[in-house]
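A.B. asks: Output the structure for:
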Amino acid sequence: MNVFEGGDGHHLEMTNGGTAVFVDVLMLAVSTLAREPWEFRFAALLTLQDQNVMGRGAVGFGLAELDWGDSRQERAAAREFLLRVLDLALSRHRWEELPYVPSRAEEHLRTYRTMVQDFDSETAQIGPGALPGPQEAAMASCVRHRVLSALPFWEACVFCTAED
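C.D. replies: Numbers count the residues shown, from 1 in each chain. Next up is the predicted model:
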């Protein structure tokens, strides 16, 4: 099982297939909305949840592990961005481009949205965590799939690695 943790013991456990769908629909949304450095760093974190590269059942992260920013304003902006990504994914943004029907995606997105909404970023751990550093931000785009790619970690996007 892949686990995405929130605060206060809340978590989202998904099967390998459910996780792949979750990452796919989030990549479609984050690639549309990312504009600021933290947002591209979060996109890079999503690319690291690609089980085709990282291994089945070996992905997930906790909200408390993320570097939400140094100031209250930065933490609020990061949280609002993540909520906007989830809202865009919940609107079924670009789902018609997927080669499958994303069953259970809405359920997982709603659960995760509640976890993000309820999470207090003030409780996040200080220091390096799951979020890639600024130099590892996902700034490159896969031309074929029109999503942010996993550079500098590997050269393919989550949709390219699924085709291999």
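
A.B. asks: so where do the helices sit in this protein?
C.D. replies: Per DSSP state H, the chain carries helices over the ranges 16-33, 37-47, 51-54, 72-90, 105-118, 158-163.

A.B. asks: possible to save those helices as TSV with mean neighbour count?
C.D. replies: Where you see a C-beta, it was placed from the backbone N, CA and C, and this is true even at glycine. As requested, the helices of the chain are exported to TSV (neighbours: other C-beta atoms under 10 Å):
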stretch	mean neighbour count
helix 16-33	22
helix 37-47	22
helix 51-54	17
helix 72-90	17
helix 105-118	17
helix 158-163	18
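
A.B. asks: right, and those - which one's nearest residue 137?
C.D. replies: helix 37-47 (3.7 Å; C-beta to C-beta).

A.B. asks: State the distance from the residue nearest the centre of the chain to residue 9.
C.D. replies: The C-alpha lying nearest the average C-alpha coordinate of the chain belongs to residue 46 (C-alpha atoms, centre = their mean; 3.7 Å). Distance, residue 46 to residue 9, by C-beta to C-beta, to the nearest Å: 23 Å.

A.B. asks: Not counting stretch 118-133 itself, show me its contacts.
C.D. replies: Applying C-beta atoms under 8 Å, 6 or more residues apart in numbering, the contact partners of stretch 118-133 are 6-8, 10, 41-42, 44-45, 48, 61-69, 75-76, 78-79.

A.B. asks: end-to-end on it?
C.D. replies: Counting by C-alpha to C-alpha, to the nearest Å, you get 25 Å between the two ends of stretch 118-133.

A.B. asks: Give me the buried stretch members for it, please.
C.D. replies: Neighbour-count burial for stretch 118-133 flags 119, 121, 124, 129-132 (criterion: 16 or more other C-beta atoms under 10 Å).

A.B. asks: Specify which member of those residues is nearest to residue 57.
C.D. replies: When those are compared against residue 57 (criterion: C-beta to C-beta), the nearest one is residue 130, at 16.9 Å.

A.B. asks: coming back round to it: may I see the buried residues of stretch 118-133 organised as TSV, with distance to residue 111 added?
C.D. replies: Converted to TSV, these look like this (distance: C-beta to C-beta, whole Å):
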residue	distance to residue 111
119	13
121	19
124	20
129	22
130	19
131	21
132	24
